[in-house]
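Peer 1: Just a sequence and a predicted model for now, questions to come.
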Amino acid sequence: MTNRRLANLAVVAALGLLGAACNKKADASGASSSAKAANGKAPILIGITADASGQYANSGDSDKRGVIMAIEEMNAKGGVLGRPIKYVHMDTETTPATGSRIAERMIKQDKVAFIIGGVSSGVANAVSQVAQKYGVIYLNTNSSSPSEAGENCHRVKFVWDGNGNNFSQAAVKSAIGTFGKKWLLITNDYVWGHDTAKATRKQVTENGGDIIDEILVPQGTRDFSAILLKLQQKKPDVVAAAVGGDDLKALRTQVAQMKLGEKFAWINNQQDWPDIYGLPRTDLFGVFGTTWYQGLDLPGVKEFNAQYRRANADSKIKTPGNVFYNGYWATRALLETVAKLKTTNNRAIIKELEQLKIPAATRMQHHDAFMNPATHQLQQTIYLATANLTSNNPDDLFKILSNTEPSQVVDKDADGKCKLEPLESTPVYEP
Amino acid sequence: MLPHLINGISLGILFGLLALGFMLIVGVMEVINLAHGSLFALGAYVAVEIIDPSWLGEAGTAYLALPMAVRYGLALVVAPLVVGVVGMGLERLVRRTYGKKAEYGLLLTFGASLVIEEGIRIAWGPGEKSLPVPESVNGGFMVGDLIYSKYRFFAALLGVVLMALVWLFLEKTPYGARVKAGAHDAEMVRALGINIGRLRLFVFAMGAALAAAAGIILTPIWGLRPHVGVDAVIPSFLIIVLGGVGSFWGAVIAGLLVGITVGLTGGYAAEWSVMSMYLLLILVLSVRARGLMGKKSALEA
């Protein structure tokens, strides 16, 4: 092979690989529900910004399904304001720049009424900046970086997942008492990881614990052996991991393989259902947080699970899980608010959502949920769970250890950091 | 330091194994096979089906009664063969690009990688799978007060065996000599009455089978999902460029170097561990533009 030819090949290959790495999905994969307005009224179009590729593709799919089930449920009741609800989905590719571009396109070109969906905090932040510019209400369904309802909060954005700070508060105090004071943090080196680790660090030191080290893990890490060796050399009592997406899957596989899950007490900030579904339960080490579980013994859960199965027969995931739940509830609450107010005016809806209260029984959680008007984050029950080693049912992987009411795990830092734009300076938007 | 060095070497062997099939195809056929990663993933998925063929239903009961080690061993042989056949299909398509600009082959294999990945998603779903390994090589073992993964060393051992087999094949068999000669001067080989088309078909199949074998060996460590191939193809390409395109020993040494670099950085400055392999590449290429052993390729050896 000549030098020149080799150089050409290398350049083209590098470009090809860049394309592969930056992900392979086409720009937009639109889909629309089939609801038709009997009275000929214009439909309400919802833009779904869910990752269909990249680190959070699985969670994005689950998120999207949740949003769609809520839409279809409302359409079955005749839509809202006599208008059918349609949706358009575009792949945000777990990439903030794509998120911005898609949000612009959805608002300017597709003229969506609302934007819903978010798993990666970077993407959610990017989408919400665009949404704020136009006054379009955006529901961040599933990204759980504390910054989303902290320094990156916006008047148009409402956050539906528990965040790193909520989960840390639920877990840290009891873990220090049970397992010990020497903590080591393994942190994904991006905004969610850092924010979550910061929240854990604060909790640990406030409760008399000691952070002996923090190991930063770059996104895209597939081999954790060196980190696991270092971990053993440091001999912590507790390992708190804020590692997400595919990185977490690789970490989990390797921890399980070395049986290190039993050697240390692991506190994993949050465990999303789509990330663990289908894996052996031995891979599910340590204690982790979640906002909901389909095995909760509460009225309505069984019916909700059945509704999920009917609506998602094509999904490989046979039970809803927390990501689906958040997507569903965010959408349902928004549409119910529109129906209640009889308007799609953004300012009216924002005011109403700021006062939102949903009884525990309706949301199938242990405690009432309410919107924090100062941060726009839904305050809800935080569950701690671990692997359910006594069941053989592939859909029953978690054992719920505790439920904590929202007032016990308030993210107090967020109130100080979040500076919502005044409602008056948020552009009026009434699709 | 020593635990991290040992860890780095084991990782390096795995990286070398990862790049082997890629090296063979690019070295012998001058095709940068961007479907390498997808074939890697496909191998692992096929292996899962061979180890645990739940689709067989009742008929599979007797088979499932076989020890896991037997089924794993079978998967390690059969899945690469299956993927080798897929590789042959791919070669039939790539064949049309021979003698044309190299970009055509590259784009074709890139397209094939997308098709294979989507095919996997349709057949097995987008979620995580787990490739089971025999219990005897699972778990950890203690050295001093540190636990090491048994499987990682077993995988490294398999890697060494596979690399040795490829080397023996290329260096010590008449067919290996034909492969090298075919790459060196295809016209002359054809003139000597050797079917060069069949030779290329075979090399592509072998490259694909090696990608599949690497997938079976590595995915119990990395996890198995449809896009795991992207995780594989980037380091493979990097190792080939670092080692020198087409050089067997270049790939092995580059794999080891990358493994040691990533292993050591992971131990002391983990936030640099992913970046370190790219920095290594820049460092080496700025001194030796053709990679470590760019001149002495498998074809000239």
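Peer 2: The structure has been received and is ready for your questions.
Peer 1: List the contacts of the closest residue to residue B:60 other than its chain neighbours.
Peer 2: In this structure, residue B:60 finds its nearest non-sequential neighbour in residue B:53, 5.1 Å apart by CB to CB, 6 or more residues apart in numbering or on different chains. All C-beta atoms are positioned from the backbone trio N, CA, C, and that covers glycine. The neighbours of residue B:53, taking CB atoms under 8 Å, 6 or more residues apart in numbering or on different chains as the test, are B:60, B:63, B:64.
Peer 1: quick one: which of those residues is nearest chain A?
Peer 2: For the contacts of residue B:53, the minimum distance to chain A (CB to the nearest CB) is 16.0 Å, reached by residue B:64.
Peer 1: the strands in the stretch 151-300 of chain A, which residues?
Peer 2: A:157-159, A:182-188, A:210-217, A:238-242, A:265-270, A:287-290 (DSSP state E, counting those that start in this stretch).
Peer 1: for the chain, what are the low-confidence residue spans?
Peer 2: By default, I'm working from chain A. Along chain A, the model assigns pLDDT under 70 to residues A:1-39.
Peer 1: try chain B instead
Peer 2: If you take pLDDT under 70 as the line, chain B has these spans: B:183, B:295-301.
Peer 1: so who does the closest residue to chain A within it touch?
Peer 2: Using CB to the nearest CB, residue B:266 is the residue of chain B that sits closest to chain A, at 2.8 Å. By CB under 8 Å, 6+ apart, residue B:266 lies in contact with A:223, A:224, A:225, A:226, A:227, A:230, B:4, B:273.
Peer 1: Tally up the residues packed near the second one, please.
Peer 2: When counting by other CB atoms under 10 Å in any protein chain shown, one arrives at 28 neighbours for residue A:224.
Peer 1: Wait, it touches residue A:249, no?
Peer 2: No. Applying CB atoms under 8 Å, one finds residue A:224 not in contact with residue A:249, separated by 10.8 Å.
Peer 1: doesn't residue A:222 make contact with residue B:11?
Peer 2: No. Checked against CB under 8 Å, the pair residue B:11 and residue A:222 is beyond contact range at 10.3 Å.
Peer 1: Looking at those two, which has the bigger crowd around it?
Peer 2: residue B:11 (26 against 21).
Peer 1: does the more buried one belong to a helix or a strand, and which?
Peer 2: helix B:2-29 (DSSP states H and E).
Peer 1: in chain A, which spans are helices?
Peer 2: A:3-21, A:57-76, A:96-108, A:121-134, A:164-179, A:191-206, A:225-234, A:245-257, A:273-276, A:301-311, A:321-341, A:346-354, A:360-363, A:412-417 (DSSP state H).
Peer 1: cool, and the stretch 51-200 of chain B?
Peer 2: B:61-64, B:68-94, B:102-124, B:150-172, B:174-184, B:186-191, B:196-222 (DSSP state H, counting those that start in this stretch).
Peer 1: Which elements pack onto the first one?
Peer 2: With contacts defined as 3 or more CB pairs under 8 Å, 6 or more residues apart in numbering or on different chains; DSSP states H and E, there are no secondary structure elements packing on helix B:61-64.
Peer 1: Residues touching it, excluding its own?
Peer 2: With CB under 8 Å, 6+ apart as the test, helix B:61-64 has contacts from B:52, B:53, B:56, B:71.
Peer 1: Let's see that with 7 Å instead.
Peer 2: B:53, B:56 (CB atoms under 7 Å, 6 or more residues apart in numbering or on different chains).
Peer 1: Out of the helices of the stretch 51-200 of chain B, which is the most enclosed?
Peer 2: When the helices of the stretch 51-200 of chain B are scored by mean count of other CB atoms under 10 Å in any protein chain shown, the highest mean neighbour count falls to helix B:196-222 (a mean of 25).
Peer 1: Is there any residue in it that contacts chain A?
Peer 2: Yes. Shown here: helix B:196-222 in contact with chain A (CB under 7 Å from any CB of the partner chain) through B:221, B:222.
Peer 1: just how off-centre is that helix within its chain?
Peer 2: From the chain centre to the centre of helix B:196-222 is a distance of 6 Å (CA atoms, centre = their mean, to the nearest Å).
Peer 1: Same question for stretch B:38-47.
Peer 2: Centre to centre, stretch against its chain (CA atoms, centre = their mean), the figure for stretch B:38-47 is 11 Å.
Peer 1: hmm, who's touching that stretch?
Peer 2: B:75, B:79-80, B:82-83, B:86-87, B:113, B:116-117, B:120, B:124, B:129, B:131, B:208, B:211-216, B:219, B:224, B:226, B:228-229, B:232.
Peer 1: For chain B, what's its nearest residue on chain A.
Peer 2: residue A:226 (2.8 Å).
Peer 1: Could you check how many residues crowd around that residue?
Peer 2: By other CB under 10 Å, 24 other residues sit near residue A:226.
Peer 1: With residue A:374 instead?
Peer 2: Neighbourhood size, residue A:374 [other CB under 10 Å]: 15.
Peer 1: Quick check on it: phi, psi?
Peer 2: Here is the backbone geometry of residue A:374 (degrees, to the nearest 10): phi -80, psi -20.
Peer 1: Assess the claim that it and residue A:415 are in contact.
Peer 2: Yes. Here residue A:374 reaches residue A:415: they are 5.2 Å apart, a contact under CB atoms under 7 Å.
Peer 1: what about the residue nearest to the spatial centre of chain A, distance to residue B:222?
Peer 2: Taking CA atoms, centre = their mean, the centroid of chain A lies closest to residue A:142, which sits 2.1 Å from it. According to CB to CB, to the nearest Å, residue A:142 and residue B:222 sit 25 Å apart.
Peer 1: and if you look at residue A:227?
Peer 2: 14 Å.
Peer 1: cool, residue B:109 as well?
Peer 2: 22 Å.
Peer 1: do residue A:226 as well
Peer 2: Using CB to CB, residue A:226 is found at 15 Å from residue B:222.
Peer 1: same question, residue A:220
Peer 2: 11 Å.
Peer 1: neighbours around the closest residue to residue A:264 other than its chain neighbours, how many?
Peer 2: In space, and not counting its chain neighbours, residue A:264 is closest to residue A:239: 4.8 Å by CB to CB, 6+ apart. Neighbourhood size, residue A:239 [other CB under 10 Å]: 25.
Peer 1: try residue A:408
Peer 2: 13.
Peer 1: how far away is it from residue A:171?
Peer 2: 12 Å.
Peer 1: contacting residues for the nearest residue to residue A:190 once chain neighbours are set aside?
Peer 2: Nearest non-adjacent residue to residue A:190, counting by CB to CB, 6+ apart: residue A:219, 5.6 Å away. The contact partners of residue A:219, by CB under 7 Å, 6+ apart, come to A:188, A:189, A:190, A:247.
Peer 1: Please pick the buried ones from these.
Peer 2: A:188, A:189, A:190, A:247 (16 or more other CB atoms under 10 Å in any protein chain shown).
Peer 1: closest to residue A:85 among the residues you listed?
Peer 2: Distance ranking of the buried ones among the contacts of residue A:219 against residue A:85, using CB to CB, places residue A:190 first at 33.9 Å.
Peer 1: Leaving out the residues flanking it, which one is nearest to residue 284?
Peer 2: Just so you know, I chose chain A. Leaving aside its chain neighbours, residue A:284 sits nearest to residue A:387 (3.9 Å; criterion: CB to CB, 6+ apart).
Peer 1: Switch to chain B, please.
Peer 2: residue B:242 (5.6 Å).
Peer 1: And the one you found, which helix or strand is it part of?
Peer 2: helix B:228-243.
Peer 1: same for that helix, what does it pack against?
Peer 2: helix A:3-21, helix B:2-29, helix B:36-51, helix B:196-222, helix B:248-268, helix B:273-287 (3 or more CB pairs under 7 Å, 6 or more residues apart in numbering or on different chains; DSSP states H and E).
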